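Colleague: Fold the following and give me the result.
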Amino acid sequence: MSIKLEDYQALLDGLPHEAVQVLHASWGEATKAFSSRGLDNYLKAASAINQLGRGSGLVIAWLEEAPQVSKEIGEEVIVDLAQTAMNLTSKTSASVIELMLATSATAARRLGDAQLFLNYLQFVDSLVSKAPRGVRPMLDKLDVLFSQLTLGGLRRWALWGAHAHRTNYEEQFSYFSLNSKESLAMLQKERKGTLFVDVQRRINMYLRALWGRDFFLRPTSGDFETRVGYRPYIEGYLMHLPDAYDDFEGITGLELYRAAAAHSAAHIAETGTPISAESLNPLQMAVIAVIEDARVETLSIRRMPGLRPLWAKFHTITATQNASVGDYLNRLARALLDADYADEDAWVAEGRVLFAQAAERLQDNLVSWEIGVQLAHKLKDKGIAFNPRSDELTVPYRDDNRYFWAFEEFDSDQAAAAGYETVKQVRKYVSVMEMVNELDCELAGDDAQEIWVLGTELRPYEDMGKSYNEMEGKEPVSDPYHYAEWDYQIQLERPSWTTVLEKRPKVGDLQVIDDIAAQHKRVIAQMKFLLDAMQPQGVTRIRKLEDGDELDINAAIAGSMDIRMGMQPDPRIMMRSVRKIRDISVMVLLDLSESTNDKVAGQEHTVLDLTRQATVLLADAINKVGDPFAIHGFCSDGRHGVEYQRFKDFDQPYNEVPKARLAGMTGQLSTRMGAAIRHATHYLKRQRSAKKLLLVITDGEPADVDIRDPQYLRHDAKKSVEEAGRNGILTYCMSLDPRADEYVSRIFGAKNYMVVDQVARLPEKLPLLYAGLTR
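Modeller: Next up, the predicted model:
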């Protein structure tokens, strides 16, 4: 379907006269750059930008630059470009937005990839809030900046200036105009050796000359957050190369691009069928990958011998390096490529012999599988532990080998087409009699169509003291809960970034709870009067009101007597009946990380023991007052392993069951606080109370095994507290970390935390804190 400009006459009538003239002049170029749908979006976006009322310059910039952007990286980004322009109208002036649109074609041309361009738009939107006076001069210098920096480098350069000159607008303008020494120094620091966009055409011609065919290249921003670039990779027959390469030990970035592109092209040209990864362990896969790299390079060298010296000069491993499995993998890779490399290690020598014996069968990648499995078995004899994350090839030009691996995945559509029934497993809650009399198979596996669940533990007739679950069952795990996580560096939420798994709490000895009550008799006695005062009073009468619900007979009689005696009567003869109730729900969230197992200085108790004591006293206090409350705990092992335990829920009585769970709680793993607070908020939002309190008890700052930046989880925890506040939940933190003043106020707010310097006083302070917060 073709689109004619006359079909949009109503839209054209609403545009300024100058914009209509520009549109007629640009229409020919637009029809070449856009499809019919793209043209429709192009014209509607022009109308929407015009309706912002920020002048005709914005519309003209859009009409002139949008076709150029589409021509460079595709029309899919056009809608996002228009949306960014409209979002900026509430943050900055029309001239800055016009400049952003006017330079968008430059950014698209220099980035060369749709996803990188979208990341650039997010970066501009974020920078307007951080450095409002720096965006205009930066956009003026955008061509110069992109000629020396990658997108990641530009972002780090800009954020450094925004942070350093946050309040000094003159210095901010000078920095982003490239007129200050700090600006030039940071520019030199972030500058990369060779940019992909500068050599893309030459690499394309180079590959065409070698293989006599075209290959599709795309840049990938490996250093968007760090200085470490992604390894090259092949996906969907597209070769993705880092958007910049530094020189490597005296070898230019252009040579590194040629080596990386030639190696990826060798994989595409010499790989006929993928290699199955089924039943292989990570070590076997790593060795097979080395052999497969050598196989495709050897086949390519047979046709083009000049590729050997191109690749060989990037192999710098020596025969003396033997500290890890990664060292041996790199030595084997060099030995299979470079015939002049001398290595006397028996394992490397065996690899050379096996590869040489298979020289006539290299057309079949099954050779790589056979040799790799055999060598992986022999490598275990060295007794060196293998770490898949660190023991990898260090040769910079080689890709991550995802291209030739095949992983078997279940396809429900194919299964249905083949006649197989795909039934979702159902959990069915039944009574004891149903379980005993109607159970089909007690030994069904994980593939059972139905799982029957009892409300209580089922024990044998002989009553051996243990339930069937304790003897034969496995710990149940809830369905995963996915939550977003805030990344302060990019100022965006990472959607569904963390996974919370609810685990059943272990049961402990109730005698532990009884001992706590006996140990703190004095504290319980001191709290008795305070708790009695906090209990709801029911219906009370407020007297001496001028405006009330009913007449106060005593006050009316006294007023009549005053009138008869010639005195001025008291007009406050009304009263009102008020129902005094407490309408609050309390959630206690416990940090159960490994650090809670540390002993308190000068005592035999651990931090976990004192936390348990304080929680038991607090639970007794809340239970006496009558407020609905819940006690939950958390720990974490990476973003997909946030463990969450519910010791007591809001609708559960505080009896032996939650007490036994509190007695059995243990400390382990790390503290990913943001995800736990979001999950606690999920339960608190269900409560219908007018006031909701989330009380977090922790002994340290947020931390996890997969996060090195200490600020990352602090900012995420702060964001989760703000999200809870928007849902009407007050979050308060009681920290046992003496250094908590450095960070806890930023997370929870200046008035919403308490640092307990003497941990031993936690059991007596926590109930008093609850009383103060819930008055």
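Colleague: and the residue nearest the centre of the chain, what is it in contact with?
Modeller: When the chain is reduced to its mean C-alpha position, the nearest residue by Cα atoms, centre = their mean turns out to be Trp497, at 3.5 Å. The contact partners of Trp497, by Cβ atoms under 8 Å, 6 or more residues apart in numbering, come to 482-485, 639. For every residue, glycine as well, the C-beta is placed using N, CA and C.
Colleague: of those residues, closest to Asp400?
Modeller: Using Cβ to Cβ, Arg639 is the member of these that sits closest to Asp400, with 21.2 Å.
Colleague: before we move on, which element is the closest residue to that closest one other than its chain neighbours in?
Modeller: Excluding the flanking residues, the one nearest Arg639 by Cβ to Cβ, 6 or more residues apart in numbering is Thr498, at 4.7 Å. Mapping Thr498 onto the secondary structure by DSSP states H and E places it in strand 492-503.
Colleague: His240: helix or strand, and which one exactly?
Modeller: When elements are assigned from DSSP H and E, His240 belongs to strand 238-242.
Colleague: One more: Ser174?
Modeller: Following DSSP H and E, the helix or strand that holds Ser174 is helix 169-176.
Colleague: Kindly spell out which helices and strands sit in contact with the helix or strand following that helix.
Modeller: Following the chain from helix 169-176 toward its C-terminal end, the next helix or strand by DSSP H and E is helix 181-190. Counting by 3 or more Cβ pairs under 8 Å, 6 or more residues apart in numbering; DSSP states H and E, the packing neighbours recorded for helix 181-190 are helix 151-164, helix 169-176.
Colleague: What residues sit buried inside helix 181-190?
Modeller: Neighbour-count burial for helix 181-190, counted by 16 or more other Cβ atoms under 10 Å, picks out 183, 186-187, 190.
Colleague: before we move on, what about stretch 396-408?
Modeller: Neighbour counts over stretch 396-408 (16+ other Cβ under 10 Å) mark 396-401, 403-405 as buried.
Colleague: What about the residues you listed, which are in strands?
Modeller: Secondary structure assignment by DSSP state E places Trp405 of these in strands.
Colleague: hmm, back to that, of the contacts of Trp497, buried ones?
Modeller: Applying a neighbour-count criterion of 16+ other Cβ under 10 Å, the buried members of these are 483-485, 639.
Colleague: farthest-separated two in the residues you listed?
Modeller: Between any two of the buried ones among the contacts of Trp497, the greatest separation by Cβ to Cβ is 11.2 Å, found for Ala484 and Arg639.
Colleague: between those two, what contacts are shared?
Modeller: When Cβ under 8 Å, 6+ apart defines a contact, the residues bordering Ala484 and Arg639 alike are 497-498.
Colleague: Which parts of the stretch 251-400 of the chain are strands?
Modeller: If you assign secondary structure with DSSP state E, counting those that start in this stretch, the strands in the stretch 251-400 of the chain sit at 275-276.
Colleague: Skip ahead from the worst-scoring helix or strand of the chain on mean pLDDT and say which helix or strand is next.
Modeller: Sorted by mean pLDDT, DSSP states H and E, the helices and strands of the chain end with helix 412-417, the least confident at a mean of 48. Sequence order places strand 426-429 as the next helix or strand after helix 412-417, per DSSP H and E.
Colleague: contact partners of that next one?
Modeller: Residues from elsewhere that reach strand 426-429, judged by Cβ under 8 Å, 6+ apart: 449-455.
Colleague: List only those of those residues flagged as buried.
Modeller: Neighbour-count burial (16+ other Cβ under 10 Å) is assigned, among those, to 452, 454.
Colleague: can I get the contacts of strand 426-429 in JSON lines with pLDDT?
Modeller: Formatted as JSON lines, these follow (pLDDT from 0 to 100):
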{"residue": "Gln449", "pLDDT": "68"}
{"residue": "Glu450", "pLDDT": "73"}
{"residue": "Ile451", "pLDDT": "74"}
{"residue": "Trp452", "pLDDT": "74"}
{"residue": "Val453", "pLDDT": "76"}
{"residue": "Leu454", "pLDDT": "74"}
{"residue": "Gly455", "pLDDT": "70"}
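Colleague: Out of the contacts of strand 426-429, flag the one nearest to Val144.
Modeller: Set against Val144, the nearest of the contacts of strand 426-429 by Cβ to Cβ is Ile451 (63.8 Å).
Colleague: residues touching the closest residue to Asp741 other than its chain neighbours, list them.
Modeller: Nearest-residue entry for Asp741: Val755, 6.0 Å, with adjacent residues in sequence omitted and distances by Cβ to Cβ, 6+ apart. In this structure, Val755 makes contact with 735-738, 740-741, 744, judged by Cβ under 8 Å, 6+ apart.
Colleague: just checking, which of the residues you listed belong to strands?
Modeller: Per DSSP E, the contacts of Val755 map to strands at Ser735.
Colleague: between the contacts of Val755, which is nearest Asp198?
Modeller: For these, with Asp198 as the reference and Cβ to Cβ as the criterion, the closest is Val744, at 48.2 Å.
Colleague: Now for that closest one: which residues touch it?
Modeller: Counted by Cβ under 8 Å, 6+ apart, Val744 has contacts 701, 733, 735, 737, 753, 755.
Colleague: between those residues, which is closest to Leu283?
Modeller: Relative to Leu283, the closest of these is Glu701; by Cβ to Cβ it sits at 36.5 Å.
Colleague: can you give me the strands for the stretch 651-775 of the chain?
Modeller: When assigned using DSSP E, counting those that start in this stretch, the strands of the stretch 651-775 of the chain occupy the ranges 691-698, 729-735, 753-755.
Colleague: Make JSON lines from the ones you listed and add distance to Leu336 and mean pLDDT to it.
Modeller: Written out in JSON lines, the entries for the strands of the stretch 651-775 of the chain read as follows (distance: least, Cβ to Cβ, whole Å; pLDDT from 0 to 100):
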{"stretch": "strand 691-698", "distance to Leu336": "53", "mean pLDDT": "91"}
{"stretch": "strand 729-735", "distance to Leu336": "56", "mean pLDDT": "90"}
{"stretch": "strand 753-755", "distance to Leu336": "60", "mean pLDDT": "85"}
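Colleague: can I get these in JSON lines with distance to Leu81?
Modeller: Converted to JSON lines, those look like this (distance: least, Cβ to Cβ, whole Å):
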{"stretch": "strand 691-698", "distance to Leu81": "41"}
{"stretch": "strand 729-735", "distance to Leu81": "38"}
{"stretch": "strand 753-755", "distance to Leu81": "43"}
